[in-house]
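K.L.:
What follows is a protein structure lacking sequence information:
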């Protein structure tokens, strides 16, 4: 059974950090492009970062310089290190697997259930 599971969300104060993890079962993450999307209440789901099968990384301008995406092949996991979090980063964060990095949700066949990130004092 193909499954993606996100973890690591929570409540942090502004300026804090979190590391999200996306762990796969039933397939090898290293054979896919893996993206992180987020969706705030009343907003569309937006891609914020992606790592291609070849290891190229992409970041939305809103997180460039603060977030880092990385692979852990041994754990079949992709991490998203999020630093200097701000209230505008509050959203549900989803990981997704596909053939290529794309800003379109339709480009990804597999999705996790999401993890809530709340940035508030």
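P.N.:
In hand now; what should we look at? Predicted, not measured: the structure shown is a model, and the values here were computed from it.

K.L.:
Please count neighbours and contacts with C-alpha atoms only from this point.
P.N.:
OK.

K.L.:
what's near enough to touch residue 3?
P.N.:
Residue 3 is in contact with 24, 25, 26, 110, 111, 112, counting by C-alpha atoms under 8 Å, 6 or more residues apart in numbering.

K.L.:
residue ranges with poor pLDDT in the protein?
P.N.:
In the predicted model, the chain carries no residue with pLDDT under 70.

K.L.:
before we move on, the earlier item: redo the contacts of residue 3 as CSV? Include distance to residue 12.
P.N.:
Output for these, formatted as CSV (distance: C-alpha to C-alpha, whole Å):
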residue, distance to residue 12
24, 26
25, 29
26, 32
110, 28
111, 25
112, 22
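
K.L.:
Roughly how far does the spatially closest residue to residue 77 that is not a sequence neighbour sit from residue 43?
P.N.:
Excluding its sequence neighbours, the residue lying closest to residue 77 (C-alpha to C-alpha, 6 or more residues apart in numbering) is residue 23, at 4.4 Å. Relative to residue 43, residue 23 is positioned 26 Å away (C-alpha to C-alpha, to the nearest Å).

K.L.:
Show me which of those two is the more surrounded one.
P.N.:
residue 23 (20 against 9; other C-alpha atoms under 10 Å).

K.L.:
what is the more buried one paired to in the beta sheet?
P.N.:
Residue 23 has the following beta-bridge partners by DSSP bridges: residue 5, residue 77.
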